[in-house]
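# here is the input, now give the coordinates:
(5 chains, ligands or ions: 31)
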Amino acid sequence: MQDTQDAPPPSSKNLASGRKRPRPSLILSNEPTPGAPPGTLLVEDPNKPKIYLIDYCLEHIVEKWIDSVDEAVPYLTDDRPSVTWIDVQGIGHKPTFERLGEIFGIHPLALEDVVNVPQRPKSDVYPEQQVIICRMAQSDVKGALVTEQIAIVFGKGFVLTVQEEPSADVLEPVRERIRKGRQLMRTGGADYLAYALFDAIIDGFYPVLEKLSDRLDEIELDALRGKDGTAHLIHDVKRDLLALRRTIWPQREVANSLLRDGSPHIQEHTRIYLRDTYDHAVQVMDMVETYREIASGLMDLHLSGVSNRMNEIMKVLTIISTIFLPLTFIAGVYGMNFDTKVSPYNMPELEWRFGYPASIGLMLLSVAGLFVFYWRKGWIGNRRRDP
Amino acid sequence: MQDTQDAPPPSSKNLASGRKRPRPSLILSNEPTPGAPPGTLLVEDPNKPKIYLIDYCLEHIVEKWIDSVDEAVPYLTDDRPSVTWIDVQGIGHKPTFERLGEIFGIHPLALEDVVNVPQRPKSDVYPEQQVIICRMAQSDVKGALVTEQIAIVFGKGFVLTVQEEPSADVLEPVRERIRKGRQLMRTGGADYLAYALFDAIIDGFYPVLEKLSDRLDEIELDALRGKDGTAHLIHDVKRDLLALRRTIWPQREVANSLLRDGSPHIQEHTRIYLRDTYDHAVQVMDMVETYREIASGLMDLHLSGVSNRMNEIMKVLTIISTIFLPLTFIAGVYGMNFDTKVSPYNMPELEWRFGYPASIGLMLLSVAGLFVFYWRKGWIGNRRRDP
Amino acid sequence: MQDTQDAPPPSSKNLASGRKRPRPSLILSNEPTPGAPPGTLLVEDPNKPKIYLIDYCLEHIVEKWIDSVDEAVPYLTDDRPSVTWIDVQGIGHKPTFERLGEIFGIHPLALEDVVNVPQRPKSDVYPEQQVIICRMAQSDVKGALVTEQIAIVFGKGFVLTVQEEPSADVLEPVRERIRKGRQLMRTGGADYLAYALFDAIIDGFYPVLEKLSDRLDEIELDALRGKDGTAHLIHDVKRDLLALRRTIWPQREVANSLLRDGSPHIQEHTRIYLRDTYDHAVQVMDMVETYREIASGLMDLHLSGVSNRMNEIMKVLTIISTIFLPLTFIAGVYGMNFDTKVSPYNMPELEWRFGYPASIGLMLLSVAGLFVFYWRKGWIGNRRRDP
Amino acid sequence: MQDTQDAPPPSSKNLASGRKRPRPSLILSNEPTPGAPPGTLLVEDPNKPKIYLIDYCLEHIVEKWIDSVDEAVPYLTDDRPSVTWIDVQGIGHKPTFERLGEIFGIHPLALEDVVNVPQRPKSDVYPEQQVIICRMAQSDVKGALVTEQIAIVFGKGFVLTVQEEPSADVLEPVRERIRKGRQLMRTGGADYLAYALFDAIIDGFYPVLEKLSDRLDEIELDALRGKDGTAHLIHDVKRDLLALRRTIWPQREVANSLLRDGSPHIQEHTRIYLRDTYDHAVQVMDMVETYREIASGLMDLHLSGVSNRMNEIMKVLTIISTIFLPLTFIAGVYGMNFDTKVSPYNMPELEWRFGYPASIGLMLLSVAGLFVFYWRKGWIGNRRRDP
Amino acid sequence: MQDTQDAPPPSSKNLASGRKRPRPSLILSNEPTPGAPPGTLLVEDPNKPKIYLIDYCLEHIVEKWIDSVDEAVPYLTDDRPSVTWIDVQGIGHKPTFERLGEIFGIHPLALEDVVNVPQRPKSDVYPEQQVIICRMAQSDVKGALVTEQIAIVFGKGFVLTVQEEPSADVLEPVRERIRKGRQLMRTGGADYLAYALFDAIIDGFYPVLEKLSDRLDEIELDALRGKDGTAHLIHDVKRDLLALRRTIWPQREVANSLLRDGSPHIQEHTRIYLRDTYDHAVQVMDMVETYREIASGLMDLHLSGVSNRMNEIMKVLTIISTIFLPLTFIAGVYGMNFDTKVSPYNMPELEWRFGYPASIGLMLLSVAGLFVFYWRKGWIGNRRRDP
Ligand SMILES: [Mg+2]
Ligand SMILES: [Mg+2]
Ligand SMILES: [Mg+2]
Ligand SMILES: [Mg+2]
Ligand SMILES: [Mg+2]
Ligand SMILES: [Mg+2]
Ligand SMILES: [Mg+2]
Ligand SMILES: [Mg+2]
Ligand SMILES: [Mg+2]
Ligand SMILES: [Mg+2]
Ligand SMILES: [Mg+2]
Ligand SMILES: [Mg+2]
Ligand SMILES: [Mg+2]
Ligand SMILES: [Mg+2]
Ligand SMILES: [Mg+2]
Ligand SMILES: [Mg+2]
Ligand SMILES: [Mg+2]
Ligand SMILES: [Mg+2]
Ligand SMILES: [Mg+2]
Ligand SMILES: [Mg+2]
Ligand SMILES: [Mg+2]
Ligand SMILES: [Mg+2]
Ligand SMILES: [Mg+2]
Ligand SMILES: [Mg+2]
Ligand SMILES: [Mg+2]
Ligand SMILES: [Mg+2]
Ligand SMILES: [Mg+2]
Ligand SMILES: [Mg+2]
Ligand SMILES: [Mg+2]
Ligand SMILES: [Mg+2]
Ligand SMILES: [Mg+2]
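Ligands and ions are numbered 1, 2, ... in the order given. Just a heads-up that it's a prediction; the model follows:
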């Protein structure tokens, strides 16, 4: 049985202009007020979040946008052995989250973690559900890093995801696999869906790293030449890498804890797949560390490039100055007004027949001497022997 | 029953002029004299500390300023199941603390830790009470970090806090929650109050970090341009971050030990809430580390900015010098006094009809040549190809 | 019995032009699409991989190129106690790997690791086989690092290796030892062959490190002189070292886990030899770390060399400028046109008998003074006392 | 009963001229000869060490300088339950230490550690005594760090301390507390005295750190201005901090091991006090690490200050040069000798009525132009917009 | 009974010219060929190694050079309870080592470690013997580090040492102690001799560190002045320190494992002495780390010295240039040829009575002005207020 509503795909690629959130690495937790009672939810947005529901089992699939979480209740309570995935896109509408807390029996502290972004990624086991806080990474059109918190709450027969923003997510391939009805995807249970979502989130770091790798490669040429503004580009990449590091380290711990701590909500069968996810998280972490080292190296390269440019400038100044100063001096000497009449010692050169050509010759000699000097130092020509 | 004295709120926001304590990170312990007997209390201040008492249970609340700790004894010894919170603001009055030691039976070594600030944050269990030494962080009006030690001593039915200074604290929201009579706040017991205070202290790091984040953002623009004085600003931020790090690391350990070591003074019910506090301590620590890396990066950015400025200065010097030196030389040549009368080889140009315009033309040619040279190097104009 | 086909040796040394894969350290995992189902194999290449089969026991050896993995099945299923080594060179031909999966019963996730390069080196135990993912390192003709993934799958009586590319490998010495019929090589079983391959891979890092050591030594001289382009060379070495480090660290873990975790596929007898391999992996790691420190030191050396060159340039400018400026000034003075007729105070020197020689003498004095000044500063001559 | 000899206090403050031992951090162990038999004692000094004896119990106290360790034997062997503290000041007199070894039955290897300074701080348990090797830190008059090894050997009823030098120590407050007859000090036993000595040694790091903190604060101003010689000051502080670090790290381990390993020579009652000492050792360690980071930051600050000074110098050179070069050029032009007679094109300006004022005007214009240029760049005046 | 052959002492101090092995830190393992069978021995040298035998018990001692290892067999197999120490100096003679393998029953992998230098220091237990691979450090005449592998194989009644080269070793004091017949040395057994050798090797690092300390001290003065070539000296020290670090770290592990892992070949009695050796290994490690930090600091010091020199050079250039440029300009002005005849505005100064002295006065004023300017900036004279 196939009961698909032709809803628009939930992840319309509207990851807008770069730098919408200019400094992702520095965003602070939305702690309402220091000292507020535990379980306090942020209420910023009078608009309801967008909610996308997918309910599936081996034979059927329903997917649709719903207006209120209460519309999902029938799917959760019917007696078909289906998995119900409720994807809430946008945080900030207090009544919705209070209602979700009631429906799924979520602990106030867990609900706070889901809503008060950003939290440090983590995985907590509760009697009726497992709560995974993690963070999606995407690149905007300019290659800058954009991250977004996503909470995955799952238990028997349901998965609830809460995304920080309704903009593009990295979960569309999972929706597609559900739609295509691949065996395991339809029969693996809610924990397998949760694994698939978490795996898609970790996999989502790869294209982000690829963009960062491209940025690093582009910067290298500029760094080499000590080009102005390169330091800033490197600094921005380093900030993105710091943000990534802060994101991926705890997420690796999450993968590890899902894999090794015996959670009652995860079937043995699913655990095997988590090993693959864990490997990927470690690989991402490795790459982030490697990129950080490369970015540091680029800063050194840049500083050396700037010094080389300075050397270049000083060489030009030195060569031209030291060539013209003696010339000007010689011209100055023969511009002196000693009276040639009163004494044969007073600048007799001025009245020589070849006085002028001789002075020009002297100047040429001085230029030639300096040229040889600089050429031997390797400052001009090819005899690159360095000073 | 509501028996509130209309006392002024204890945290009058008098966190005075920035840099009152200029180098928080370098303050040393007030060890009286090396080798003094253990349990020695500092006696500096003849004035009594300010003491604020709150006594509450589900039905009633009393709050008032008291003059002497002995006024608190009736609240501690009455047979109502209330929690008594005694907030001592200011250390240094020896008799008060000796009396507190007697009333609560505090071990001399613990009392020393409470009074002889600063101590490294820590949590010690004693048979009759738990002693938590921690450190509040606040920003002064200039955004500089101000930290203050606060000791939380709690046992059955009482919480004693000892603040280093009577100036503003971060505990007001907790007092407000007690006043509002929120269920758990009134019924959770002394350990829940202690948790709430500790949680408020950790939460209090967020606004401080936000200020530091603003300072880092402001510095970035200056660093980029290599502006004078930026290195000092970065150095000051780094010192504040070092001080924060020294503060938050052991505080995270305190949270962890409260959470995991089975203290007899903490109910199971309260322990769940400590997990949230622990998460926040870890997040603060993460951010401090990230900010430290960013501050280091800013120093690199600044050094590169200074080098760029130097390049700029040298370029101006080089371009102007090398343009005028040849011109001056040409003018010098035609200022020579070779006697045109004695020989046709002696500067016949001086007597040409267009001698002067020709020399000016020669000068223009030299200028044009250098312009092309520098333009091709990218030192002038838009053809930014760099040297 | 000796049944050797005279096949060409599989490792034709065709490790082509340097920088074919220009940035080995930044290559990302070939994750097909983020969120793809687990076990997805990459299908890029319509051409079949090259497959080399060696089947041997103590008495006989067969080796030949085969066109399809199915040709290997008889060697696997015959009842001779031989070891069958199937070396697949090149990934990307999906049907081949699906067939391999069937023949050896490889788990889809393991097969994904074998094919979707690069993976982080690791060792996984499955009921019927052990899967080792590792990475060969070789130097190309220019000394640049080239790495390639190789998977070693082994179980009872068979070893399957899958190389990323058909180009040169480091396994030829092992093939040679099999051909020579050395006792243990022929009788040690499949696990001993797997050890020998892994050992050859680790040993293969030594010549690579030797090349890097040569590159570091060559760079040192250039760094010392602050030669242009040296920073880039150092940066490239550092990238290669980062790539090596990312490769050898997990490979050391693999060696350790093979040595200590009691895998059912490894005989006690073989385990002793793995200790030697582990020692070598640690030694390689040590050397990589040492080289990294040396490369960092070279960057410092280079920056200091660049500064020295700048000092040299500035000294030349300063010495020549400051020698000629006073001279030009003196010449300028005696080029002034004050009217000697109107006053005895107006430049009477111009009419002295020895006015001109006196002015020249004054100039020589000024030059001599500066020479002495610079000589005492150690800027010229041997009196190297430094400024 | 009070039987005090009026001996001069043993710690005459004779910590002489700074830099007596110029590089404390680099002092090597006085290993007699590599390969010497274990237990070899250094014999350098024919003079006997100074020895101060204090024998006390609750009721009485004896203190006096003794000439030979044998004078102490009666106090050790009498049947009064007193504690005997023998403080040997100065190492190097072999017979004294051989005799001490006999009297207290000290293992040759332990005796070697006591005498052959410096040793790494450590704590070893022997059947009859506990040997603590530690290191006192003091500042000399110039604020430079001076460290000295002190060994504390204690067992039932005795404490033996061996100081490296007879100069000032940090133990006087302990002697004072013994004299004052404070309860615990007199009744706590030998292990309590050993604790008190160790605590005084750790406490002794605080004033040293205070001096270092002052030095760091003084340097900051110089670093900011890039003043000559600052790098050297920073380097010296760093060396002192390195020496402190090498000293305090193992001493923290000593505190920890005394606190946690159940030594038979330490009473439970004393162990509580060791926790306080441990806290202080950790705090000292924290501060040393913080100071090290600050010192590193100061070097960056200094380098940036030096660059700023260079910028300043270059700006002066650039501004003055570029202002005078055009002026000199204009003057040079009108110093040319083109013959105004032969052609109306030959410098007719020279014969204009206002030729000279016009040329001066031209010069002023050029100066004004450059002033505007530099003012807009922010190099002169207040319009600090930076280049 | 005393049966000493008057053999020349085996450690003739022939540690030849510095830098014989120029880069000890970069030497690679002599892996014969990657992929060679385990147990492959290097055969480079047709000459036999030098072999020195000492056989001793409490009463007697024999020592002599032997030509072949077979000459040692009688000493090993006689029934006197003596210890036989065979010291093989020089690796590379295959038959000798194969024979040693047979005589002592050494595992081929252990023999490979003994011969194929360098190996990472380590300690392996075999049923019949313990194999310790370690590395001696010595300084050559120039103070450069020279290291050499030495293997210590010992079991019941014998110690076999294999040195990499026949040149000077650090074991002579041990031979001397054997000769002198000190009690424990003669009676302690083979394990005590092995300890004594290992202890002598660790002790041998002290003089090496002393040399390095001297080199660091010498460099400091040069670094301070930014002297050319200092960077290279620092770089060389750093390489030696890196090599030392790579050597001493695993050697500390060896000491630890001998001390703590219960080897069957080490008597309890000997273990106590190993604690002393372990302490020394840790101390050496500490010092190496400290020296590394100091060497890094010296590089900073040097870079700052180079910058200071540059500042000095620029100050000279700036002061001299800016003093002469205005002077030359003034002279240039009065060298202009405006016709004083045609107009009273055309340079009437030229015809003033005191025109020339006035112009000289103007020049002196300009010089004085600049002197005051630079003096106030602190660039000249003592008013060191810095720019
Ligand atoms: Mg909260
Ligand atoms: Mg979203
Ligand atoms: Mg930016
Ligand atoms: Mg995988
Ligand atoms: Mg994945
Ligand atoms: Mg790293
Ligand atoms: Mg104390
Ligand atoms: Mg306060
Ligand atoms: Mg400051
Ligand atoms: Mg939370
Ligand atoms: Mg909180
Ligand atoms: Mg960090
Ligand atoms: Mg996948
Ligand atoms: Mg290949
Ligand atoms: Mg490159
Ligand atoms: Mg080996
Ligand atoms: Mg090997
Ligand atoms: Mg390292
Ligand atoms: Mg010794
Ligand atoms: Mg002393
Ligand atoms: Mg010094
Ligand atoms: Mg304390
Ligand atoms: Mg203390
Ligand atoms: Mg630190
Ligand atoms: Mg640096
Ligand atoms: Mg091998
Ligand atoms: Mg030797
Ligand atoms: Mg060198
Ligand atoms: Mg010792
Ligand atoms: Mg020793
Ligand atoms: Mg270190």
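
# who in the stretch 101-250 of chain A is up against ligand 10?
Residues of the stretch 101-250 of chain A lying near ligand 10 by Cβ under 5 Å from the ion: A:Asp113. Every residue, glycine included, has its C-beta placed from N, CA and C.

# in the stretch 101-250 of chain A, which spans are strands?
A:122-125, A:130-139, A:145-155, A:158-163 (DSSP state E, counting those that start in this stretch).

# show me the shaky parts of chain A.
A:1-33, A:42-43, A:382-387 (pLDDT under 70).

# for it, give the residue positioned nearest to ligand 14.
A:Gln283 (21.5 Å; Cβ to the ion).

# quick one on the thing from earlier: let me have the strands of the stretch 101-250 of chain A in JSON lines, extended by mean neighbour count and distance to B:Met185.
Shown next, in JSON lines, are the strands of the stretch 101-250 of chain A (neighbours: other Cβ atoms under 10 Å in any protein chain shown; distance: least, Cβ to Cβ, whole Å):
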{"stretch": "strand A:122-125", "mean neighbour count": "18", "distance to B:Met185": "24"}
{"stretch": "strand A:130-139", "mean neighbour count": "23", "distance to B:Met185": "25"}
{"stretch": "strand A:145-155", "mean neighbour count": "24", "distance to B:Met185": "27"}
{"stretch": "strand A:158-163", "mean neighbour count": "24", "distance to B:Met185": "28"}
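
# how about those in a markdown table, adding distance to B:Met347?
As requested, the strands of the stretch 101-250 of chain A are arranged in a markdown table below (distance: least, Cβ to Cβ, whole Å):
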| stretch | distance to B:Met347 |
| --- | --- |
| strand A:122-125 | 89 |
| strand A:130-139 | 71 |
| strand A:145-155 | 71 |
| strand A:158-163 | 86 |
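
# dump those strands to CSV, plus distance to ligand 11.
Putting the strands of the stretch 101-250 of chain A into CSV (distance: least, Cβ to the ion, whole Å) gives the following:
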stretch, distance to ligand 11
strand A:122-125, 14
strand A:130-139, 15
strand A:145-155, 17
strand A:158-163, 20
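
# the ones you listed: which one's closest to ligand 16?
Using Cβ to the ion, the nearest of these to ligand 16 is strand A:122-125, at 42.7 Å.

# and that closest one, is it in reach of chain B?
Yes: Strand A:122-125 reaches chain B (Cβ under 8 Å from any Cβ of the partner chain) through A:122, A:124.

# so how far is that strand off the chain centroid?
Averaging C-alpha positions (Cα atoms, centre = their mean, to the nearest Å) puts strand A:122-125 25 Å from its chain's average.

# mind checking how far the closest residue to the residue of chain A closest to ligand 14 other than its chain neighbours is from C:Asp113?
Excluding the flanking residues, the one nearest A:Gln283 by Cβ to Cβ, 6 or more residues apart in numbering or on different chains is C:Arg120, at 4.9 Å. C:Arg120 sits at a distance of 9 Å from C:Asp113 (criterion: Cβ to Cβ, to the nearest Å).

# which stretches in the stretch 151-300 of chain A count as helices?
A:172-180, A:183-187, A:190-203, A:205-224, A:230-260, A:268-333 (DSSP state H, counting those that start in this stretch).

# now for the longest one, which elements pack on it?
In other words, helix A:268-333. helix A:190-203, helix A:205-224, helix A:230-260, helix A:355-377, helix B:268-333, helix C:108-115, helix C:230-260, helix C:268-333 (3 or more Cβ pairs under 8 Å, 6 or more residues apart in numbering or on different chains; DSSP states H and E).

# check the ones you listed for me and report the most buried one.
Most buried of these, by mean neighbour count (mean count of other Cβ atoms under 10 Å in any protein chain shown): helix A:190-203, with a mean of 25.

# ok, and the closest non-adjacent residue to the closest residue to ligand 4 within the stretch 101-250 of chain A?
Taking Cβ to the ion, ligand 4 has its nearest neighbour within the stretch 101-250 of chain A at A:Asp199, 10.2 Å off. Leaving aside its chain neighbours, A:Asp199 sits nearest to A:Thr277 (4.6 Å; criterion: Cβ to Cβ, 6+ apart).

# neighbouring strands for whichever strand or helix holds A:Thr84, and are they parallel or not?
Take DSSP states H and E as the rule and A:Thr84 turns out to sit in strand A:83-89. In the sheet, strand A:83-89 lines up against strand A:50-56 (antiparallel), strand A:158-163 (parallel) (DSSP bridges).

# reformat those as CSV; add distance to A:Phe104.
Listed next are the strands paired with strand A:83-89 as CSV, based on distance: least, Cβ to Cβ, whole Å:
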stretch, distance to A:Phe104
strand A:50-56, 14
strand A:158-163, 6
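
# out of these, flag the one nearest A:Leu184.
Closest to A:Leu184 of those is strand A:50-56 (Cβ to Cβ; 12.5 Å).

# returning to that earlier point: okay if I get the helices and strands packed on helix A:268-333 as a markdown table plus distance to B:Pro127?
Converted to a markdown table, the helices and strands packed on helix A:268-333 look like this (distance: least, Cβ to Cβ, whole Å):
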| stretch | distance to B:Pro127 |
| --- | --- |
| helix A:190-203 | 46 |
| helix A:205-224 | 51 |
| helix A:230-260 | 36 |
| helix A:355-377 | 82 |
| helix B:268-333 | 19 |
| helix C:108-115 | 55 |
| helix C:230-260 | 45 |
| helix C:268-333 | 50 |
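
# possible to save those as TSV with distance to ligand 23?
Listed next are the helices and strands packed on helix A:268-333 as TSV, based on distance: least, Cβ to the ion, whole Å:
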stretch	distance to ligand 23
helix A:190-203	49
helix A:205-224	49
helix A:230-260	37
helix A:355-377	64
helix B:268-333	27
helix C:108-115	56
helix C:230-260	43
helix C:268-333	39
